[in-house]
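In: Just the structure for this:
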Amino acid sequence: MTELLEKAYGKTDPNYGCPPNERPLEEHLSKGIINLDKPIGPTSHEIDAWVKRILKCSKTGHGGTLDPRVTGILPVVIDTATRVIQLLLEAPKEYVCLMHLHEDVGEDRVVNILDEFTGKIFQTPPLHSAVKRELRVRKIYNVNILEIDGPDVLFKIGCEAGTYIRKYCHDIGQALGCGAHMAELRRTRVADFKEDETIKTLQDVNDAYHYWTEDDDETPLRECVLPMETAASHLKKIVIRDSAVDALCHGADLAAGGILQYSEGIKKNETLAIMTLKGELVAAGLALAFSPEIESADKGIMVDIKKVFMEPGTYPMMWK
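Out: Have a look, this model is predicted:
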């Protein structure tokens with residue numbers, strides 16, 4: 001993508017900024033995310049602490065807490081990259097769940113009830129949740145039944161952030177009149193973090209750090225730690241001029257004159273990622289216009305910046 005942008009708009013100054021995959025390893029680590037495969041047993045906070053101890057970094061965080069008995073995708077962010085946690089917390093999630101019904105109600109009723117529990121649903125967070133217990137609306141994007149074996153139902157579910165799958169199973173049991181509970185759960189996706197070649201275990205991270213410190217081999221660690229820009233890969237994007245970068249880093253909103261390129265299909269109030277020509281994540285904000293309006297505008301504020309990720313001074317000040 002960087003090469004295409006430079007071809008279209010000219011090369012940027014090599015004296016400032018850096019393509020995410022070309023950062024020196026220390027900077028790469030401090031702006032990195034690990035697509036971690038959480039095992040059963042430890043809490044998400046314990047996983048954070050172990051990664052912090054392995055990498056000897058200042059701080060870590062995670063994008064979406066998993067219960068101790070739940071496994072799967074747990075993006076762990078490092079040092080500066082902890083700023084992008086909110087993008088992950090708000091991102092869609094996907095799970096594979098084994099639900100146990102307290103009676104065998106037949107496959108037809110299971111299929112029908114899961115169809116009813118797709119789209120917008122109402123949920124009250126469970127007693128031990130970290131949020132206020134009040135009725136909320138959450139969206140279930142899709143539910144695909146993988147297998148039904150008597151009272152055991154295995155399904156994959158794509159849902160809005162903040163959906164409680166344990167409560168989802170409980171509510172289905174109540175709707176069926178037989179009761180139900182979540183027997184097992186694995187998270188298979190957070191935004192664009194999924195079960196692919198990028199997913200790593202704690203042992204992978206520990207081994208990779210050892211190869212770097214003991215054998216001076218950076219390759220395994222670069223494979224384990226992804227650039228923090230990965231946290232915004234699911235968002236639509238706007239690419240801005242070098243001259244606009246530092247203004248945004250100092251709190252300015254994005255005006256039409258600073259925009260070089262943008263994703264198609266942008267809607268008002270949609271969260272957007274603001275990127276440099278080198279592919280660096282500058283900020284995130286809410287769109288104040290649709291794509292056609294952005295294209296035709298020669299002035300005015302197009303994006304209300306809500307969160308800045310890049311340090312001021314990374315790019316030179318070219319604004320008054």
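In: Not counting its neighbours along the chain, what's nearest Met318?
Out: In space, Met318 comes closest to Ser243 once its chain neighbours are excluded; the distance is 3.9 Å by Cβ to Cβ, 6 or more residues apart in numbering. Using the backbone N, CA and C atoms, a C-beta is placed for each residue, glycine as well.
In: Confirm Ala183 sits in a strand?
Out: Yes - per DSSP: H, G, I helix; E, B strand; the rest coil, Ala183 lies within a strand segment.
In: quick one: pLDDT of it?
Out: Ala183 is assigned 98 on the pLDDT scale.
In: how many other residues sit next to it?
Out: Neighbour count of Ala183, defined by other Cβ atoms under 10 Å: 15.
In: From the contact counts, what lies against the lengthiest helix in the chain?
Out: Determined from DSSP state H, the single longest helix within the chain is helix 202-215. Helices and strands touching helix 202-215, by 3 or more Cβ pairs under 8 Å, 6 or more residues apart in numbering; DSSP states H and E, are strand 32-38, helix 44-55, helix 219-224.
In: is it true that Met317 lies in a strand?
Out: No - using three-state DSSP, the assignment for Met317 is coil, not a strand.
In: Isn't it up against Val245?
Out: No - with contact defined as Cβ atoms under 8 Å, Met317 does not count as touching Val245 (9.6 Å).
In: Look at these two and report which has more neighbours.
Out: Val245 (30 against 13).
In: what sits against the more buried one?
Out: Counting by Cβ atoms under 8 Å, 6 or more residues apart in numbering, Val245 touches 17, 276, 282, 310, 314-315.
In: try Leu25
Out: Neighbouring residues of Leu25 by Cβ under 8 Å, 6+ apart: 212, 218, 221-222.
In: isn't Val153 right up against Val96?
Out: No - contact criterion Cβ under 8 Å: Val153 and Val96 do not qualify, at 11.5 Å.
In: Who has more neighbours out of these two?
Out: Of the pair Val153 and Val96, Val153 is the one with more neighbours under other Cβ under 10 Å, namely 25 against 20.
In: Would you verify that that one is located in a strand?
Out: Yes - under three-state DSSP, Val153 falls within a strand.
In: Output the longest helix of the chain in PDB, but only the C-alpha positions, please.
Out: Listed next in PDB are the C-alpha coordinates belonging to helix 202-215 (Å, rounded to 0.1, in the frame of the first residue of the first chain):
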ATOM      1  CA  LEU A 202       3.300 -17.500  25.400                       C
ATOM      2  CA  GLN A 203       6.000 -20.100  24.700                       C
ATOM      3  CA  ASP A 204       6.400 -18.700  21.100                       C
ATOM      4  CA  VAL A 205       6.900 -15.200  22.600                       C
ATOM      5  CA  ASN A 206       9.400 -16.400  25.200                       C
ATOM      6  CA  ASP A 207      11.400 -18.400  22.600                       C
ATOM      7  CA  ALA A 208      11.400 -15.400  20.200                       C
ATOM      8  CA  TYR A 209      12.800 -13.100  22.800                       C
ATOM      9  CA  HIS A 210      15.500 -15.700  23.700                       C
ATOM     10  CA  TYR A 211      16.500 -15.900  20.000                       C
ATOM     11  CA  TRP A 212      16.900 -12.100  19.900                       C
ATOM     12  CA  THR A 213      18.800 -11.700  23.200                       C
ATOM     13  CA  GLU A 214      20.900 -14.800  23.000                       C
ATOM     14  CA  ASP A 215      21.400 -15.400  19.200                       C
END
